[in-house]
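> Task: produce atomic coordinates for the following.
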Amino acid sequence: MNRMNLKKISYLAFILIFGILATRCATPTHKEEGKTYPKDYVHPLKEINLEKVFSENRGLKVLEENATTAFDYYRGGVQEKEEGEKLIKENRWEEARRSLEKSNRFLRVVLKYLPEDEAYRNIYGEQMVIFLPNLLIADNDLKLITVYKNLKEGERAVQAKTEGQLYLAESLKSVKTEWAAQIKKGFEDALLKK
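Take a look at the predicted model:
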C-alpha cells in the first residue's frame, strides 16, 4: 500500500508540474505591456487604427442591459461604432445615426470611470487593448456631422462638431496618434464646408 500511495503522489506531482509548465508556455506575452512612450510620441496608423480597435472588440454582442463593467461598455461602444460605420457606407442614415449615438452613450459611461485614453490598457490578466474612448467619440461625432447633414439636421451637425472637438482635445491630452490628426483635419474641413 505504501508503494501504491508513493506512485499516486509521484503521478500527481508530475501532472501538477507539467500543468504549471504548460500554462506558463501557453500564456501569451505582450510587448506593449511594459513599454513606455515619450510624452510627445505619436502612435502611427499602422500601430493604432480603427480596424485594430474593431478586431479587438468583436465577438459576443454587448447589450446595454447586460453591460456590467467599464470594459463591457467600451466593447459595446466599439461594436455599435462598427455597425454605424457599415450603415454609413450603405447610406442608411437614420440607422447609422442610432448606432453612432448609442456608441457614444456606451463610451460616455466608460469615461465616468476611466476618463483618459491609453494607447494600450491591460483589461484582464495580460490582455491588452487599444483604449481610446475619447477619440472614438470624436470620430463618431465627425461621422455624425455627415449623417445629420444627410438627414437635414444642420443644428445637430453643428453640435456634433463642437462636442467632437472637445473629446478630441481630451484624447490628445493623454495620447497622440496619427488617427487623431486625421480626425482633427476632418473637423477643420467640416468647418470650411458649413
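
> Report the contact partners of residue 41.
residue 176 (Cβ atoms under 8 Å, 6 or more residues apart in numbering). (Each C-beta comes from the backbone N, C-alpha and C, glycine too.)

> for it, phi and psi?
phi -70, psi 130 (degrees, to the nearest 10).

> what's the single longest strand in this protein?
strand 118-124 (DSSP state E).

> ranges for the strands of the protein?
Ranges of strands in the chain, per DSSP E, are 42-43, 118-124, 127-131, 176-177.

> I'd like these laid out as a markdown table, including mean pLDDT.
Below are the strands of the chain laid out as a markdown table (pLDDT from 0 to 100):
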| stretch | mean pLDDT |
| --- | --- |
| strand 42-43 | 96 |
| strand 118-124 | 90 |
| strand 127-131 | 93 |
| strand 176-177 | 96 |
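
> any chance you could map the helices in the protein?
In the chain, the helices defined using DSSP state H lie at 2-26, 50-56, 70-89, 93-113, 133-150, 154-174, 178-193.

> winner for burial among these?
helix 133-150 (a mean of 24; mean count of other Cβ atoms under 10 Å).

> List the contacts of residue 95.
residue 87.

> any idea how far residue 170 is from it?
28 Å (Cβ to Cβ, to the nearest Å).

> what do you get for residue 65?
Per Cβ to Cβ, residue 65 is found 28 Å from residue 170.

> still on that earlier bit, nearest approach to residue 37 belongs to which of the helices of the chain?
helix 154-174 (11.1 Å; Cβ to Cβ).

> who touches that closest one?
Applying Cβ under 8 Å, 6+ apart, the external contacts of helix 154-174 come out as 115-118, 132, 134-135, 137-142, 144-145, 148-149, 180, 183-184, 187, 190-191.

> Stretch 180-194 now?
For stretch 180-194, using Cβ under 8 Å, 6+ apart, the contacting residues are 42, 45, 135, 138-139, 142, 145, 161, 164-165, 168, 171-172.

> again, but for stretch 101-120
30, 32-33, 35, 37, 43, 48, 62, 64, 67, 70, 73-74, 76-81, 84, 121, 128-137, 140-141, 144, 170-171, 173-175, 177.

> how about 6 Å then?
With contacts defined as Cβ atoms under 6 Å, 6 or more residues apart in numbering, stretch 101-120 is touched by 32, 43, 70, 73-74, 76-77, 80-81, 128, 131-137, 140, 171, 174-175.

> again, but for stretch 77-88
Applying Cβ under 6 Å, 6+ apart, the contact partners of stretch 77-88 are 53, 54, 57, 95, 96, 99, 100, 102, 103, 106, 107.
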